[in-house]
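Asker: okay, sequence plus prediction incoming.
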Amino acid sequence: MATSFPELNPGPRLLLGPGPSNVHPRVMKAMASPVVGHLDADFVRVMEDIKRLLRIVFQTANEITFPVSGTGSSGMETALMNLVEEGDEVVIAIAGVFGERLADAAGRLGARVHRVEAPWGRIIEAERIEAALKTAAKPKLLAIVHAETSTGAWQPVEALGALAHRYGALFLLDAVTSLGCVPVEIDKWEVDACYSCTQKGISAPPGLAPVTFSERAMAAVRARKTPSRSWYFDLAMIERYWGAERVYHHTAPITMNYALYEALRIIVEEGLETRFRRHRENAAAMQAGLAALGLEPAAQAGHLLPQLAVVKVPPGIDEAAVRAELVRKYNIEIAGGLGPFKGKVWRIGTLGESSRREHVTLALGALETILAGMGVEVARGAALAAAERAWREASAA
Ligand SMILES: Cc1ncc(COP(=O)(O)O)c(C=O)c1O
């Protein structure tokens, strides 16, 4: 049996996949702060500030806004475990892995799931969602993914809250890959429940799931016939820890909350509008550069996410070999496809801290060199020229 183990030494990666994204040094520094108790007055102050900062980022006045202790999926479970009871009818829009995950989780709770499906890469049209709300006798919930990470499609959701409410349903939004990159306007869009993560647009390490619940959602939670099936994600209990009572429920991950606090402070200092513009401009440059390399988007034209380009792998190219070369030669991580897109697409993200001009330039240059080395016909220099043009146009606008 081994008696000594090597010191940790992970590579210094440039994270250009769909998450995690690069973490700002200020966030790493915050994580080195002393660990105090989860009911310590200093930590309680941090909790209160995190709630206030999250309300700014979610653009909401919702009182119940806090980070669930767990990754993005724990935010999804918190929403479903509290809003859905056995036998409830729920409408779930599915056009990729994460819509499917919502349907799977709701089904496990005994909900009657009405699936509204679109082919991978397409958005789901509002008319089709409305038809499903009509078909359900008494829909309790409409759930949809804002940024489908498996396809790169940007789902329009602005009008879906009002639509759900017309049919007496609550509106649940997955903002795991959108929060901090593109606008997520909880109050304006009448979103009743929303979950996200820390490791993408917020640019802290993975480990927490910011959530927010409207008054309408909390009324539904309080009107449940049965307690939540989950003890850990029971909002009625968690509310008493994150709210004024401070009743112990579980031991909050102190260090991760420090990280979230600092990452949110950075977002607020930058300003939401400036941050969204940065994502848009760098995405336009990345997309122009990828197009110049002959790489086509997998998602529907007009609905491409600005923080995540999902592009088709050219015929005959071993996509995993390209990713391996990116890591070996340039320390750049991008991701491959999931499910039916496995082996067929690359997912190249510019989320949060990773969305920087120098990162786009390096990634395009590296991809061009690797693809040319593998025999793909690429016009040398065209990708960087196209990216530069996109930035010039953005600064002239
Ligand atoms: C859209 C979407 N929803 C949910 C999740 C689940 O988040 P996590 O992996 O942090 O549990 C992800 C993760 O990538 C995602 O992209």
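Answerer: In hand now; what should we look at? Just so you know, these numbers come straight off a predicted model, no measurement behind them.
Asker: CA atoms for contacts and neighbours, from now on please.
Answerer: Noted.
Asker: count of residues packed around G87?
Answerer: 12 (other Cα atoms under 10 Å).
Asker: contacting residues around the nearest residue to it once chain neighbours are set aside?
Answerer: Once flanking residues are discounted, G87 sits nearest to A111: 4.9 Å by Cα to Cα, 6 or more residues apart in numbering. Residues near A111 by Cα atoms under 8 Å, 6 or more residues apart in numbering: V84, E85, E86, G87, D88, E89, V90.
Asker: and these, which are buried?
Answerer: Neighbour-count burial within these applies to V84, E85, D88, E89, V90; the criterion is 16 or more other Cα atoms under 10 Å.
Asker: just for the protein, where's the confidence low?
Answerer: 1-2 (pLDDT under 70).
Asker: report the residue ranges of every domain in it.
Answerer: Here the domain parsing of the chain from automatic domain parsing is 25-268, 272-396.
Asker: please identify which of the ones you listed is closest to the ligand.
Answerer: The ligand lies closest to domain 25-268 among the domains of the chain, at 3.5 Å (Cα to the nearest ligand atom).
Asker: how about the closest one and the ligand, touching?
Answerer: Yes. Judged by Cα under 6 Å from any ligand atom, domain 25-268 comes into contact with the ligand through T71, G72, S73, F98, V145, A147, E148, T149, D174, V176, T177, C197.
Asker: cool, stretch 10-20 as well?
Answerer: No. Between stretch 10-20 and the ligand, judged by Cα under 6 Å from any ligand atom, nothing touches; the nearest distance is 6.7 Å.
Asker: A175 contacts S196, doesn't it?
Answerer: Yes. Between A175 and S196 there is a contact under Cα atoms under 8 Å: 4.9 Å.
Asker: and the buried ones among the contacts of A111, which two are furthest apart?
Answerer: Using Cα to Cα, the buried ones among the contacts of A111 reach their maximum pairwise distance at E85 and V90, which is 10.1 Å.
Asker: what count of nearby residues applies to G339?
Answerer: Neighbour count for G339, taken as other Cα under 10 Å: 10.
Asker: can you pull the contacts of it?
Answerer: If you count contacts by Cα under 8 Å, 6+ apart, G339 has them with V97.
Asker: then W346?
Answerer: V310, V311, K312, V313, E319, I334, A335, G336, G337.
Asker: out of these, who's the most crowded?
Answerer: V310 leads these on contacts (other Cα under 10 Å) with 32 neighbours.
Asker: part of a strand, is that one?
Answerer: Yes. Under DSSP: H, G, I helix; E, B strand; the rest coil, V310 sits within a strand.
Asker: bridged to it, which residues?
Answerer: R347 (DSSP bridges).
Asker: wait, isn't it in contact with Q300?
Answerer: No. Using Cα under 8 Å, V310 makes no contact with Q300, being 10.7 Å away.
Asker: restricted to strands, list the contacts of A111.
Answerer: E89, V90 (DSSP state E).
Asker: looking at the contacts of A111, which is nearest S203?
Answerer: Closest approach between the contacts of A111 and S203, by Cα to Cα: V84, at 30.5 Å.
Asker: residues contacting the closest one?
Answerer: A106, L109, A111, K140, L141.
Asker: repeat that for 6 Å
Answerer: Contact analysis of V84 by Cα atoms under 6 Å, 6 or more residues apart in numbering lists nothing.
Asker: and what of L208?
Answerer: L208 neighbours (Cα under 6 Å, 6+ apart): P67, V68, S69, G70, T71, C197, T198.
Asker: helix/strand/coil for A320?
Answerer: Secondary structure assignment for A320 (three-state DSSP): helix.
Asker: please apply the same query to R115.
Answerer: Recorded secondary structure, R115: strand (three-state DSSP).
Asker: so what's the gap between stretch 108-116 and the chain middle?
Answerer: Here the centre of stretch 108-116 is set off from its chain's centre by 23 Å, with Cα atoms, centre = their mean, to the nearest Å.
Asker: buried stuff in that stretch?
Answerer: For stretch 108-116, a neighbour-count test (16+ other Cα under 10 Å) marks L109, A111, R112, V113, H114, R115, V116 as buried.
Asker: that stretch: end-to-end distance?
Answerer: For stretch 108-116, the first-to-last residue distance is 18 Å (Cα to Cα, to the nearest Å).
Asker: would you confirm that L15 contacts A335?
Answerer: No. Applying Cα atoms under 6 Å, one finds L15 not in contact with A335, separated by 9.6 Å.
Asker: just the strands from the protein, written as ranges.
Answerer: Under the criterion DSSP E, the chain carries strands at the ranges 14-15, 64-69, 89-94, 112-117, 139-145, 147-148, 153-154, 170-174, 193-195, 208-213, 308-312, 332-333, 335-336, 345-349.
Asker: what's in contact with the longest one?
Answerer: By that I understand strand 139-145. Strand 139-145 is contacted from outside by E89, V90, V91, I92, A93, G99, A169, L170, F171, L172, L173, D174, using Cα under 6 Å, 6+ apart.
Asker: quick one: it to strand 170-174, angle?
Answerer: What separates the directions of strand 139-145 and strand 170-174 is an angle of 20 degrees, with axes from the mean of the first three to the mean of the last three Cα atoms, to 10 degrees.
Asker: oh, and call the first residue 898 from now on, that's how I've got it
Answerer: With the count now opening at 898, the last piece we talked about shows up as strand 1036-1042.
Asker: chain center to strand 1036-1042: distance?
Answerer: 18 Å.
Asker: what does the last one give?
Answerer: Chain-centre distance of strand 1242-1246: 15 Å, with Cα atoms, centre = their mean.
Asker: repeat that for the first one.
Answerer: For strand 911-912, the gap between its own C-alpha mean and the chain's C-alpha mean amounts to 17 Å (Cα atoms, centre = their mean).
Asker: again, but for the second one
Answerer: Relative to its parent chain, strand 961-966 has a centroid offset of 15 Å by Cα atoms, centre = their mean.
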